[in-house]
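K.L.:
Return atomic coordinates for the entry below.
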Amino acid sequence: MPPTSQSIPQFPAHLARVLRVLPLAPLSLSLTAYARRVAKTHAGLFRRLGEHDHASFELAPTDMPFVLLLEPRGGDPKVTVTRRAPRADARIAGPLAALIGLVHGAYDGDALFFSRDLVIEGDTAAALALRNAVDDAELDLSEEIATLSGPFAAPMRRIVSFAQRRTGVCLTRPEDLAAW
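P.N.:
Predicted coordinates:
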């Protein structure tokens, strides 16, 4: 059953207010390092973007006090977190849980788009190329983080599993839940 606006978890407003005062540079650096790790382990992700491998993508979680600018840069990605909408070739906006769920294959992008839970603006061909590349890569962002955690991978998996149960946000691929 496709999700509805009511079934997509929203980031708690009180936590979003706290994030308004935090510096964004450390988050940008961390997300860039993380994106580069993903680029190494899933090199096909950026090849699949084809002619859009140098496009820029604004990822705008509507329930967060910031937006992300993803620049694939031909496989050497950069992520910039900013308070204002950056200039980008394509804009993809929706609740943070929906954006994460799209990466993990938990939500159908078409259903979110037609229900207006997801907004796509600008170069729709670039946005579609990004969607297809992410779908094809079958990313599991939480597993990538657990792998980076080294000896703390098992506790990290337990934390992610707890957070997923508590928030309803799909933090790992649905088919991988049994492994967690």
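K.L.:
Could you use CA atoms for every contact and neighbour count after this?
P.N.:
Will do.
K.L.:
so which strand or helix has the one residue sitting closest to the centre of the chain?
P.N.:
A centroid search over the chain (C-alpha atoms, centre = their mean) returns residue 100, at 4.5 Å, as the residue closest to the centre. Assigning secondary structure by DSSP states H and E places residue 100 in helix 96-104.
K.L.:
same question, residue 18
P.N.:
Residue 18 belongs to helix 13-19 when assigned by DSSP H and E.
K.L.:
That helix - what's its average pLDDT?
P.N.:
Taken as a whole, helix 13-19 has an average pLDDT of 86.
K.L.:
related to what we said a few turns ago, tell me the spacing between the residue nearest to the centre of the chain and residue 167.
P.N.:
According to C-alpha to C-alpha, to the nearest Å, residue 100 and residue 167 sit 13 Å apart.
K.L.:
Okay, and residue 172 sits in which element?
P.N.:
Element membership of residue 172, judged by DSSP H and E, is empty: it is in no helix or strand.
K.L.:
contacting residues for it?
P.N.:
Taking C-alpha atoms under 8 Å, 6 or more residues apart in numbering as the criterion, residue 172 is in contact with 104, 140-143.
K.L.:
try 6 Å this time
P.N.:
When contacts are counted by C-alpha atoms under 6 Å, 6 or more residues apart in numbering, residue 172 touches 140, 142.
K.L.:
what's the longest helix seen in the chain packed up against?
P.N.:
Determined from DSSP state H, the single longest helix within the chain is helix 25-41. With contacts defined as 3 or more C-alpha pairs under 6 Å, 6 or more residues apart in numbering; DSSP states H and E, the packing partners of helix 25-41 are strand 78-82.
K.L.:
residues of the strand it packs on that come out buried?
P.N.:
For strand 78-82, the neighbour count (16 or more other C-alpha atoms under 10 Å) marks 78-82 as buried.
K.L.:
Same check on stretch 123-137?
P.N.:
Judged by neighbour count (16+ other C-alpha under 10 Å), stretch 123-137 contains these buried residues: 123, 126-131, 133-134, 137.
K.L.:
go on, stretch 159-177?
P.N.:
160-161, 169-173.
K.L.:
Using PDB, write out the CA atom coordinates for stretch 158-170.
P.N.:
Taking Å, rounded to 0.1, in the frame of the first residue of the first chain, the C-alpha atoms of stretch 158-170 are listed here in PDB:
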ATOM      1  CA  ARG A 158      21.300  -2.200  17.600                       C
ATOM      2  CA  ILE A 159      21.000   1.600  17.900                       C
ATOM      3  CA  VAL A 160      19.700   1.900  14.300                       C
ATOM      4  CA  SER A 161      17.200  -0.900  14.800                       C
ATOM      5  CA  PHE A 162      16.000   0.800  18.000                       C
ATOM      6  CA  ALA A 163      15.700   4.100  16.300                       C
ATOM      7  CA  GLN A 164      13.800   2.600  13.400                       C
ATOM      8  CA  ARG A 165      11.300   0.900  15.700                       C
ATOM      9  CA  ARG A 166      10.900   4.000  17.800                       C
ATOM     10  CA  THR A 167      10.500   6.600  14.900                       C
ATOM     11  CA  GLY A 168       8.900   4.500  12.100                       C
ATOM     12  CA  VAL A 169      11.600   5.900   9.700                       C
ATOM     13  CA  CYS A 170      13.000   3.200   7.400                       C
END
